[in-house]
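> Sequence first, then the predicted structure, then my questions.
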Amino acid sequence: MSTVPLGQYEKQPTVPLPADARVLTGASAWAAAADAAAAKAGERAPLIVVDAYPGADLPLLAKAIAGALPDWRIVDVEDAAALPIAHIDARFADNLTEDRVFGVLSHATVDAFYDAERLDKLAVEVDGATGPTVLLGWGADLVARRLAHPYALVLADMARWELQLRQRAGATNWRAENPDEDQLRKYKRGFFVEWRVADRHKTTLFDRLDFVLDANAIGSAEPTGRTAGMITGEAFRAGLRDAARAPLRVVPFFDPGVWGGQWMKQRLDLDPGKPNYAWCFDCVPEENSLLLEDAEGAVVEIPSLDLVLAQPEALLGERTYARFGAEFPIRFDFLDTMEGGNLSLQVHPLTDYIQRTFGMHYTQDESYYMLDAGDDAVVYLGTKDGVDRDAMLADLRAAETGERPFPAERYVNAFPAKKHDHFLIPAGTIHSSGANSMVLEISATPFIFTFKLWDWGRLGLDGVPRPVHIDHGERNLVWKRDTAWTEANLVNRVETITSEGDVVEERTGLHELEFIEVRRHWFAEEVTHDTEGTVNVLNLVEGDEVEITSPTGAFAPYTIHYAETFIVPAAVGPYVIRRTARSRSERFGTVKASVRGTRTSEA
Ligand SMILES: O=P(O)(O)OC[C@H]1O[C@](O)(CO)[C@@H](O)[C@@H]1O
């Protein structure tokens, strides 16, 4: 039974660890690592390798290890063998670019950050060590794997949301000297280079890990009330294997913005002291976390991306995995502009453009599902009939220089928006959510490839104008998406699929140029679903509380509250969504997204 009040959004959802797994903390965690290292070493001096995700707080980690294992020599692999930062900057200059926001995705491996000769030398030195040694740092395994003898391997893992919070608070990129650099540039360096390389690297460790340490809780940007937990590699692997076979939620994160609103604060019970909340990222497994909980209630936080990387086929399904690789292709998030402002007027790149320019293999196709709407809510979508494109571009450029505001109403449609409307936004379509809207974005995962065209003359939260990219926008705007086309193709394309008793199933999108299929179900009692071999992402858009149950008892009933997004992994198969014993709502509504053409019943 749910522990939160009826209908109240759960902000810290957890995923159970196997019954026999325990979260270790403090000195006992390091003692367990030391025991494992000693057992592997036999007659030799034991070795613990702590491979830390870039952005982990190494000084604090070293202090914790030294406190627990005072007789061990701790070697900072980064100090010993990393290439000078100027060398790394030059190596990745083409990926990092001069732009504030956009880089080019790197295909490098962690070796590119290290001096191979110094790694060799360090390996020889560690090989000859007579006392117990800890190798610490991102890529520490590069040294250890040069050795012929076994060692205990610890991954000090971190999620991207925590990394971003630390960057905002002054943390640098990996070994860079940029504490005061523009946050957009720090993020760019993570997104296009560091995190890509680091994810590729850590995936090579997963099968060999002896322990996973929650480095989010070591030097956290904001107080979490948690001490850093450690679980065994076995618990990590088994926990993820189980997680990919039952419904789950990732840990949502909430972020303020220039256009942010008040709806989430009130309805999702967020900090009333904050001026606003703009976004809630409720299903972006690339950035969110999973909270793994043991049978005694102790919790360890890991990146939810680990689930995607470790269990891609069970999670995504064979066909979706074949199409996207180990990437979670569906993103759900909230955009809250209730009593806030308009989003920027924007456009996303076409597939060909995002591939050629940024090295992304699929693009940021989107849609706005209206979870709620004020009386005056509108969605800006598509250009007006007969627009003079040169005049519009000239007006956008004049607005960018501050010469005069952009007359958006002259060029862009503003469609009235009400609760449960669904607006489809294939890449290349000009769009923006207006003020007084509560949008559930159901989109492809890419989320930073936004070409802002006009930001309504306002400044960003950092006091400087947010970046506008009219040149990129011009190359991607599809001008034939005028009023008539937009209305016929992108506004409320709802189609009833079946209607039986109290259950109605509708298709609400997305547009045929987008790969996501969205089905909405209305019901009073229950609806039977089947993943049919592909991942489902759902949100309870109407009703206070439901539970997800297994007709075969394959997983324990899982409670979902209003507005919560949840993932049903492909491996689940059949599942039932039904009202709970304490539900008070008369009617429920869910929206369910999957990748079109990947269900077993689709030829
Ligand atoms: O550019 P703005 O005005 O912040 O718009 C909101 C942004 O949030 C997203 O919807 C999701 O990250 C982007 O597509 C969009 O750019």
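Cool, the structure landed. Numbering: from 1, shown residues only.
> residues near the residue in the stretch 501-603 of the chain that the ligand sits nearest to, how many?
In the stretch 501-603 of the chain, the residue that lies nearest the ligand is Glu514 (13.7 Å; Cβ to the nearest ligand atom). Every C-beta, even on glycine, is put in place using the N, C-alpha and C of the backbone. Residue crowding around Glu514 was assessed by other Cβ atoms under 10 Å; the count is 21.
> Looking at it now. What's its pLDDT?
Predicted confidence (pLDDT) at Glu514: the value is 97.
> cool, the one 4 residues further on as well?
As summarised for this prediction, Val518 has a pLDDT of 98.
> what's the neighbour count on it?
Using other Cβ under 10 Å, the number of residues around Val518 comes to 24.
> for the protein, what are the low-confidence residue spans?
Low-confidence segments of the chain, defined by pLDDT under 70: 1-3.
> make it 80
By pLDDT under 80, the low-scoring segments of the chain are 1-5, 7, 603.
> In terms of residue numbering, what are the domains of it?
15-243+286-315, 316-489, 495-602 (automatic domain parsing).
> quick one: is the longest one near the ligand?
No. Judged by Cβ under 6 Å from any ligand atom, domain 15-243+286-315 makes no contact with the ligand; its nearest approach is 10.1 Å.
> what separates that domain from the chain centre, distance-wise?
18 Å (Cα atoms, centre = their mean, to the nearest Å).
> So in this structure, which helix runs the longest?
helix 26-41 (DSSP state H).
> The helix or strand that comes right after that helix pairs with which strands, and in what direction?
Moving toward the C-terminus from helix 26-41, the next helix or strand (DSSP states H and E) is strand 47-52. The partner list of strand 47-52 in its sheet, established with DSSP bridges, is strand 133-137 (parallel), strand 152-157 (parallel).
> Strand 47-52 to helix 26-41, inter-axis angle?
Counting by axes from the mean of the first three to the mean of the last three Cα atoms, to 10 degrees, strand 47-52 lies at 130 degrees to helix 26-41.
> OK, contacts around Gly340?
Counting by Cβ atoms under 8 Å, 6 or more residues apart in numbering, Gly340 makes contact with 259-262, 276, 278, 435-436.
> Tabulate the residues you listed (JSON lines), appending secondary structure, neighbour count and distance to Asn216.
Converted to JSON lines, the contacts of Gly340 look like this (DSSP: H, G, I helix; E, B strand; the rest coil; neighbours: other Cβ atoms under 10 Å; distance: Cβ to Cβ, whole Å):
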{"residue": "Trp259", "secondary structure": "coil", "neighbour count": "23", "distance to Asn216": "28"}
{"residue": "Gly260", "secondary structure": "coil", "neighbour count": "25", "distance to Asn216": "24"}
{"residue": "Gly261", "secondary structure": "strand", "neighbour count": "24", "distance to Asn216": "28"}
{"residue": "Gln262", "secondary structure": "coil", "neighbour count": "19", "distance to Asn216": "29"}
{"residue": "Asn276", "secondary structure": "coil", "neighbour count": "23", "distance to Asn216": "25"}
{"residue": "Ala278", "secondary structure": "coil", "neighbour count": "21", "distance to Asn216": "23"}
{"residue": "Ala435", "secondary structure": "coil", "neighbour count": "17", "distance to Asn216": "34"}
{"residue": "Asn436", "secondary structure": "coil", "neighbour count": "21", "distance to Asn216": "35"}
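> I'd like to know which of the residues you listed is nearest to Thr14.
Ala278 (26.0 Å; Cβ to Cβ).
> quick one: the residue nearest to that closest one when sequence neighbours are not counted from Leu381, how far?
Once flanking residues are discounted, Ala278 sits nearest to Gly257: 2.8 Å by Cβ to Cβ, 6 or more residues apart in numbering. From Gly257 across to Leu381, the span is 20 Å (Cβ to Cβ, to the nearest Å).
> what do you get for Ala417?
Ala417 sits 10 Å away from Leu381, taking Cβ to Cβ as the criterion.
> which residues do these two both contact?
Taking Cβ under 8 Å, 6+ apart as the contact criterion, the residues that touch both Ala417 and Leu381 are Phe423.
> Surely Val379 is in a strand?
Yes. Assigned with DSSP: H, G, I helix; E, B strand; the rest coil, Val379 falls within a strand.
> pretty sure it is in contact with Phe423, am I right?
Yes. Between Val379 and Phe423 a contact is recorded at 4.8 Å, counting by Cβ atoms under 8 Å.
> follow-up on the earlier one: in this structure the residue of the stretch 501-603 of the chain closest to the ligand contacts Pro426, no?
Yes. A contact is recorded between Glu514 and Pro426 when judged using Cβ under 8 Å, the distance being 5.3 Å.
> Now the common contact residues for those two.
Where contact means Cβ under 8 Å, 6+ apart, the residues bridging Glu514 and Pro426 through contact with each are Asp365.
> and Trp195, helix, strand or coil?
Applying three-state DSSP to Trp195 yields a three-state assignment of helix.
> I'd like to know how many residues surround it.
24.
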